[in-house]
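Trainee: Okay, sequence plus prediction incoming.
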Protein chains: 2
Amino acid sequence: MKTKHLLTGSFLGVLALLTSNVRAADPLPSWNEGAAKQSITAFVEKVTKEGTPGFVPIPERIATFDNDGCLWSEQPLYFQLFFAMDRIKTLAPQHPEWKDKEPFASLLKGDVKAALAGGEASLVQIVMATHAGLTTEEFEKAVADWIATAKHPKTGKPFTSMVYQPMLELLTYLRSNGFKTFIVSGGGIEFMRPWTEKVYGIPPEQVVGSSGGLKYELRDGKPVLVKLPEIALNDDKEGKPVGIQRHIGRRPIAAFGNSDGDLAMLQWTAAGPGPRFCLYVHHTDAEREYAYDRASHIGKLDKGLDEAAAKGWTVVDMKADWKVIYPP
Amino acid sequence: MKTKHLLTGSFLGVLALLTSNVRAADPLPSWNEGAAKQSITAFVEKVTKEGTPGFVPIPERIATFDNDGCLWSEQPLYFQLFFAMDRIKTLAPQHPEWKDKEPFASLLKGDVKAALAGGEASLVQIVMATHAGLTTEEFEKAVADWIATAKHPKTGKPFTSMVYQPMLELLTYLRSNGFKTFIVSGGGIEFMRPWTEKVYGIPPEQVVGSSGGLKYELRDGKPVLVKLPEIALNDDKEGKPVGIQRHIGRRPIAAFGNSDGDLAMLQWTAAGPGPRFCLYVHHTDAEREYAYDRASHIGKLDKGLDEAAAKGWTVVDMKADWKVIYPP
């Protein structure tokens, strides 16, 4: 009896020690003290305090994050487009017709602006031509190889080094408080999954993104899934709540974005009962990253800024609120 | 220093105590000793033994389960069809045209056989008429209300009491060994999610199923998702590996089914590298449940039985392998 009590006592002692150590350290060291940081910690403290009206049980602590411009940079082009353009160069010898066909012809000449002049239709053509036809395993390998070697044209860094250190801390902080963290991105689901676990600690099954059709077939008696040139889900704007419902099946209590493409996700999150948290990352730091909002072609944040002001959502001023942008 | 060591020592001691207690108890008490049970525990021991070639890291321990006929009964009709038929009766006053229109007319007369004579086309009509048009929240409430009150026509039990006790133990056993358990069912994803967490311990985000289209819109300024009368994923047969890829993004190492509708899922699982486990539940118990296989209209198990024999997959003989069918 006595031994058991001693064991239990020490066990609880160790737990208390661990807990107080965690409490003592600042979980968000790259965030400057201010309203944004304070709103985050106040929300987390509220939903984790058992026996209070704001308490949210662990299974309901769902947090969704946009990826491009929210967890990593997205300028001067979505990083997935650099991947697609590199693939077009790789595949060009097998497609002599591309020399005279837009948007491929301009891309091969290095004129990205002309290639994207066709807007979304051009984008879809580029993505289909570079993503479809492969098996899921071949595509995963292509992404993994590219992400391990490709460099950003301005910083010269690997793309996965251009993730936001303060957001990495936020992901960890939420998870250590019982949250399940999901990505909900307009980017391709299979473009993100090969590296999100290593970079963000988010496993493939917690990644929601735009997806194409898939076909199950046997190749030499071996089952494969082949990527089809068709869209199964456009996980952007109104598609984000749809993707959340399909994949997660419950409404997030916290959502994080940076553009008008995330507005429906934030509205959907905010409209649920109980405590809710919505946050926009506002790109205000031309020196350390990029500064853009209402007039930007990529990551346009216009209606979202107005709604955030009207609803009292948190808006992160990157320049003022973040001590560092990228991991050291 | 000394205090720290003492604390650490006791902490490990308590952990060892807890572990040995778990080991000592039979994790599958409703399974008779035999080849099926032995194959399960041998697989779990293999993949959890660190430092051996069979070891599988925790994040890769993905297990997928069919629902109808694998986790709960599916005779004399899929339980979701009882839900749909009850809804047709409820909705009939708003649809006077159903009196003269198949499959509704036969259903309203109680002639299920005639109603389903049209095969899959009739099924789709019934499901669309009863599932589409509602918001996801309205539909969730309709399912939750029905599942709490409806009774099975033969046993008189609530449908969620007709889950298989040995499979509940198996789910718990796998989870306690670091597995993440998913449902991958031909049934409707939103028909399962309202109750799978309570009944199986499987949260909504780990349920994959057939799904319809969804439309995000504002109703009285409040965002809602409306169920559309169109199929987004038919999560059956070759659709199961597709659903697995879309939702989970990695290949299971263990898969559990009971019909030819699960064969592609088991093949997809078996075709990966490293240790793999595939299991078919064979319905052999006419007395305690139902007996059916190669000639059944529901849950037909024909090609699957042959492939299981050829590949050495585990086949559970319900009559011989299970001490009880339903929870006491």
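Mentor: Right, received. Where do you want to start?
Trainee: CA atoms for contacts and neighbours, from now on please.
Mentor: Noted.
Trainee: Does residue A:140 touch residue A:191 like I think?
Mentor: Yes. Between residue A:140 and residue A:191 there is a contact under CA atoms under 8 Å: 7.4 Å.
Trainee: Show me which of these two is the more surrounded one.
Mentor: Per other CA atoms under 10 Å in any protein chain shown, whichever of residue A:140 and residue A:191 has more neighbours is residue A:191, with 21 against 18.
Trainee: close enough to count as contact, the more buried one and residue A:143?
Mentor: Yes. Between residue A:191 and residue A:143 there is a contact at 6.3 Å, judged by CA under 8 Å.
Trainee: Leaving out sequence neighbours, find the closest residue to residue A:118.
Mentor: residue A:103 (7.8 Å; CA to CA, 6 or more residues apart in numbering or on different chains).
Trainee: Just confirm the one you found contacts residue A:115, I think it does.
Mentor: Yes. Using CA under 8 Å, residue A:103 makes contact with residue A:115 at a distance of 4.5 Å.
Trainee: quick one: which of the two has more around it?
Mentor: residue A:103 (23 against 20).
Trainee: what residues are up against the more buried one?
Mentor: By CA atoms under 8 Å, 6 or more residues apart in numbering or on different chains, the residues touching residue A:103 are A:114, A:115, A:116, A:118, A:122, A:125, A:126.
Trainee: where does the third one land in three-state SS?
Mentor: Applying DSSP: H, G, I helix; E, B strand; the rest coil to residue A:116 yields a three-state assignment of helix.
Trainee: I'd say it and residue A:123 touch.
Mentor: Yes. The pair residue A:116 and residue A:123 qualifies as a contact (CA under 8 Å) at a distance of 6.8 Å.
Trainee: Get me the contact residues on chain A for chain B.
Mentor: Neighbours of chain B within chain A, by CA under 8 Å from any CA of the partner chain: A:7-8, A:10-11, A:13-14, A:59, A:190, A:193, A:203-206, A:211, A:214-216, A:222-225, A:232, A:238-239, A:241-242, A:246-250, A:267-268, A:271.
Trainee: among those, which ones are buried?
Mentor: A:7, A:10-11, A:14, A:190, A:193, A:203-206, A:211, A:214-216, A:223-225, A:238-239, A:241-242, A:246-250, A:267-268 (16 or more other CA atoms under 10 Å in any protein chain shown).
Trainee: Mind checking which of those land in strands?
Mentor: A:211, A:214, A:215, A:216, A:223, A:224, A:225 (DSSP state E).
Trainee: Pick out the most distant pair among the residues you listed.
Mentor: A:211 and A:223 (20.1 Å; CA to CA).
Trainee: Make JSON lines from the ones in strands among the buried ones among the residues of chain A next to chain B and add pLDDT and distance to residue A:67 to it.
Mentor: Shown next, in JSON lines, are those (pLDDT from 0 to 100; distance: CA to CA, whole Å):
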{"residue": "A:211", "pLDDT": "95", "distance to residue A:67": "15"}
{"residue": "A:214", "pLDDT": "97", "distance to residue A:67": "23"}
{"residue": "A:215", "pLDDT": "97", "distance to residue A:67": "27"}
{"residue": "A:216", "pLDDT": "97", "distance to residue A:67": "29"}
{"residue": "A:223", "pLDDT": "96", "distance to residue A:67": "31"}
{"residue": "A:224", "pLDDT": "97", "distance to residue A:67": "28"}
{"residue": "A:225", "pLDDT": "98", "distance to residue A:67": "25"}
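Trainee: can I get those in JSON lines with distance to residue A:87?
Mentor: JSON lines is the format used below for those (distance: CA to CA, whole Å):
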{"residue": "A:211", "distance to residue A:87": "18"}
{"residue": "A:214", "distance to residue A:87": "20"}
{"residue": "A:215", "distance to residue A:87": "22"}
{"residue": "A:216", "distance to residue A:87": "24"}
{"residue": "A:223", "distance to residue A:87": "25"}
{"residue": "A:224", "distance to residue A:87": "22"}
{"residue": "A:225", "distance to residue A:87": "20"}
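Trainee: show me where the stretch 151-300 of chain A has helices.
Mentor: For the stretch 151-300 of chain A, the helices defined by DSSP state H, counting those that start in this stretch occupy A:165-175, A:189-200, A:239-247, A:263-270.
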